[in-house]
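> Output the structure for:
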Amino acid sequence: MRDPSGSPNAASGTPPLFCSSRSVMSTPRIVDYAVRHHVGKGLVALLIVTLLGALLASAPTSALDSRHTETSAGIHQLKVRHLQAEIQALEDQHDMPWWERDASLGILGAIVALGGLLWTITQQRREMSRQRQSDRDAGLFDQQVRLDGLFASLANDIASPVVAVRLSATAGIKSFSTEERGTYHSQLLSLLQGSIKLPREDVSDRVISRAFIEFLATLQERGSALHEPLDLEGAWLEGCLLSGLDLRKADLRGATLREVSVEHSVDLEGIQGERLDAKQLIAPRAQLRSAKLENADLTGAKLKGASLQNAALRNATLVAADLREAQLTAARLRDSYLQSAHFEKADLRGARFDGADLRDAYFAGASIDMPAFKSILRTSSWESAHWDSQQLDRLRSF
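Numbers count the residues shown, from 1 in each chain. Here you go, the predicted structure:
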């Protein structure tokens, strides 16, 4: 039967498990009820969880809210403190010198290691460079010793009394005249100068003289400056070719230039040519300004168009010399031998002929001023010279 209250267990006398809010069954009664009515253990556990949930749901909300608020505030404070600690650590690290920071130890170690590596590489490179330089120096030293020996052998062969040895030695001169052998040039020049000053009067003299002239021309073509005028006093240069050489202020006193020829102009300005033997010299247009040629022998010399301004030719021999169109202004020809010399169209203004021998000399067309005419008149042989009509009238007018 159903109970009038609507409960299905009313008739059987079984007490209700849940009652209204006015008569709530306590937890021990619920458990006791479950045991006495053989309720399963799983169902008991479910009943306990349900009951606890109901109790929590019926608890006052104000208490839970306050606890939640307190918990949130604590968490917020912890976060703020943690951030403040991190900020302070960063500030302390910023103010700290870089070498005292924790990360700097690794950087310093890397820098030290890199510096050690670079130092080691630098030392190795220096040692390798030093070794290479040492090897080069050793090689150069050996080469220098070998070249010194060859040059000494060349000097001995050139001074040899045997003609064949001297001739063969001249072949080695070119090997020491190259630019690579520049350290030997001054020694080679001195060696050759000494050789041509002591002629052996054989065929080797001419060969060595030509080698000297070629070497001198090579030096001048390269622009090698000679620190002082060439010393060629007593040098034997017979038959040599002096084309284009610069022999300014050279000492040619007593030198032998017989049959020397010049295809192009040669500069002999200011030379010291006292007692110079230049018979049959062929030097047209040669530069002989201010040359000192006292007592020089220029017999038969070909000096057409040469420049002999202010040249000193006192007591010089110019017999049959060709001086046509030459520049002889202010030249000093006192007591010179000018027999059969040719001065046609030469410039003789200011020249001095006092005491000169003018027999059969030719002056037609030459430029002669008053001082030169007066000087010619002081010779004893001017009347036997060859003059053009104007010159002759001028001479006779004095």
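
> can you pull out the helices in this structure?
Ranges of helices within the chain are 27-36, 41-57, 61-95, 102-158, 163-169, 185-197, 203-221, 370-377, 389-396, based on DSSP state H.

> would JSON lines of these with mean neighbour count, mean pLDDT and distance to Ser290 be doable?
C-beta: built from backbone N, CA, C; applies to glycine. Formatted as JSON lines, the helices of the chain follow (neighbours: other C-beta atoms under 10 Å; pLDDT from 0 to 100; distance: least, C-beta to C-beta, whole Å):
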{"stretch": "helix 27-36", "mean neighbour count": "13", "mean pLDDT": "51", "distance to Ser290": "150"}
{"stretch": "helix 41-57", "mean neighbour count": "11", "mean pLDDT": "54", "distance to Ser290": "138"}
{"stretch": "helix 61-95", "mean neighbour count": "10", "mean pLDDT": "67", "distance to Ser290": "89"}
{"stretch": "helix 102-158", "mean neighbour count": "11", "mean pLDDT": "85", "distance to Ser290": "35"}
{"stretch": "helix 163-169", "mean neighbour count": "16", "mean pLDDT": "91", "distance to Ser290": "37"}
{"stretch": "helix 185-197", "mean neighbour count": "18", "mean pLDDT": "92", "distance to Ser290": "24"}
{"stretch": "helix 203-221", "mean neighbour count": "18", "mean pLDDT": "91", "distance to Ser290": "21"}
{"stretch": "helix 370-377", "mean neighbour count": "18", "mean pLDDT": "96", "distance to Ser290": "19"}
{"stretch": "helix 389-396", "mean neighbour count": "13", "mean pLDDT": "93", "distance to Ser290": "27"}
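
> Dump the ones you listed into a markdown table; add distance to Ala301 as well.
Formatted as a markdown table, the helices of the chain follow (distance: least, C-beta to C-beta, whole Å):
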| stretch | distance to Ala301 |
| --- | --- |
| helix 27-36 | 159 |
| helix 41-57 | 148 |
| helix 61-95 | 101 |
| helix 102-158 | 31 |
| helix 163-169 | 30 |
| helix 185-197 | 21 |
| helix 203-221 | 19 |
| helix 370-377 | 21 |
| helix 389-396 | 24 |
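
> Compare these and give me the one nearest Ala316.
Comparing those against Ala316 with C-beta to C-beta, the closest turns out to be helix 370-377 (15.7 Å).

> Burial check on the nearest residue to Gly350 once chain neighbours are set aside, number of neighbours?
Residue nearest to Gly350 in three dimensions, not counting chain neighbours: Ala330, with 4.2 Å by C-beta to C-beta, 6 or more residues apart in numbering. Neighbours of Ala330 under the rule other C-beta atoms under 10 Å: 18.

> Name all residues that make contact with Ala330.
Ala330 is in contact with Gln309, Asn310, Arg349, Gly350, Ala351, counting by C-beta atoms under 8 Å, 6 or more residues apart in numbering.

> Quick check: pLDDT value at the last one.
In this prediction, Ala351 carries a pLDDT score of 97.

> wait, what's in contact with it?
By C-beta under 8 Å, 6+ apart, the contact set of Ala351 is Leu328, Thr329, Ala330, Ala331, Arg332, Leu333, Ile368, Ala372, Ser375.

> switch to 7 Å and redo it
Leu328, Thr329, Ala330, Ala331, Leu333, Ala372, Ser375 (C-beta atoms under 7 Å, 6 or more residues apart in numbering).

> And the furthest pair within those residues?
Checking the contacts of Ala351 with C-beta to C-beta, the most distant pair is Thr329 and Ser375, at 13.0 Å.

> Distance of the residue lying closest to Arg166 once chain neighbours are set aside relative to Ser129?
Excluding the flanking residues, the one nearest Arg166 by C-beta to C-beta, 6+ apart is Ser204, at 4.2 Å. According to C-beta to C-beta, to the nearest Å, Ser204 and Ser129 sit 50 Å apart.

> returning to that earlier point: CSV please, covering the contacts of Ala330 and showing distance to Ala341.
Output for the contacts of Ala330, formatted as CSV (distance: C-beta to C-beta, whole Å):
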residue, distance to Ala341
Gln309, 18
Asn310, 19
Arg349, 18
Gly350, 18
Ala351, 13
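
> of these, buried ones?
Neighbour-count burial (16 or more other C-beta atoms under 10 Å) applied to the contacts of Ala330 gives Gln309, Asn310, Arg349, Gly350, Ala351.

> Nearest to Gly254 among those residues?
Comparing those against Gly254 with C-beta to C-beta places Asn310 closest, at 22.4 Å.
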